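Undergrad: Here's my sequence, what's the structure:
(chains A and B)
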Amino acid sequence: DIQMTQSPSSLSTSVGDRVTITCRASQIIDKYVIWYQLRPGKAPRLLIYEASTLQTGVPSRFSGSGSGTDFTLTISSPQPEDFVTYYCQQYYSYPYTFGQGTRLEIK
Amino acid sequence: EVRLVESGGGLVPPGGSLRLSCTASGFTFKNHWMHWVRLSPGEGLVWVARINEDGTRTNYGDSVKGRFTISRDNTKNTLFLQMSSLRGDDTSLYFCVRDAERVRAFDYWGQGTLVTVSS
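TA: Residues are numbered from 1 along each chain as shown, chains lettered A, B, ... in the order given. Reported below is the predicted structural model:
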């Protein structure tokens, strides 16, 4: 199985301060990384697919990059509603494994 | 509007069984692969199982293989997860998830149903 190593596990920062979350795959997975946002009591939300394509309706302050094994999710100016949890996932091969998650907290 | 609504979760003793359901609306259910994914504080998100459009192909994560069965009824736009021989580490929030039709992503998720395995 492909392992996805996500870091950091938690991050404390201020509203408006740029945030970067990384995910490293245990083998080359081309561009097939997805980023999700998890909010308590709500359905998880698809943010970015194929490493860098923004899902319709997602604010442009979210962006993704990377290919091969190393990927990043960037939030250029986090707003209060963005301080929740984020997960990466590989969709290169079954089983579709997830990273360990990153909890974003307001400093 | 795409909607996925899970039901059937609850408290069950170790070794017990439970059947989860997911009612889909707002899209052509029979055109999509569907998945179950679970979330727990200790493990985070874990992919559980998937089923193809007509229900003829299924796959399972190693931790549930042989104990869980995914199925679907396309006449009722409903996805199922039959869980048996439940263990404490199956305690999780279980999500019903739609596989996107044209890109490699899970594009819609339900809000989840909580399964607690405890005596």
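Undergrad: Starting from whatever helix or strand A:Cys23 lives in, tell me the next helix or strand along the chain.
TA: Using DSSP states H and E, A:Cys23 sits in strand A:19-25. Downstream of strand A:19-25, the next assigned helix or strand under DSSP H and E is strand A:33-38.
Undergrad: Which strands or helices does the following helix or strand past that following strand pack on?
TA: Sequence-wise, the next helix or strand downstream of strand A:33-38 (DSSP H and E) is strand A:45-49. Packing partners of strand A:45-49 (3 or more C-beta pairs under 8 Å, 6 or more residues apart in numbering or on different chains; DSSP states H and E): strand A:33-38, strand A:62-67, strand B:106-109. Placement of C-beta: from N, CA and C, glycine included.
Undergrad: and residue 36, what does it touch?
TA: By default, I'm working from chain A. If a contact means C-beta atoms under 8 Å, 6 or more residues apart in numbering or on different chains, then A:Tyr36 has A:Pro44, A:Arg45, A:Leu46, A:Leu47, A:Tyr86, A:Tyr87, A:Cys88, A:Gln89, B:Leu45, B:Phe106 as its contacts.
Undergrad: wait, chain B
TA: Residues near B:Trp36 by C-beta under 8 Å, 6+ apart: B:Leu20, B:Val48, B:Ala49, B:Arg50, B:Phe68, B:Ile70, B:Leu79, B:Leu81, B:Tyr94, B:Phe95, B:Cys96, B:Val97.
Undergrad: Name the nearest residue to B:Val37, ignoring sequence neighbours.
TA: Leaving aside its sequence neighbours, B:Val37 sits nearest to B:Phe95 (C-beta to C-beta, 6 or more residues apart in numbering or on different chains; 4.8 Å).
Undergrad: The one you found is in contact with B:Met34, isn't it?
TA: No - the pair B:Phe95 and B:Met34 does not pass the contact test of C-beta atoms under 8 Å, sitting 10.9 Å apart.
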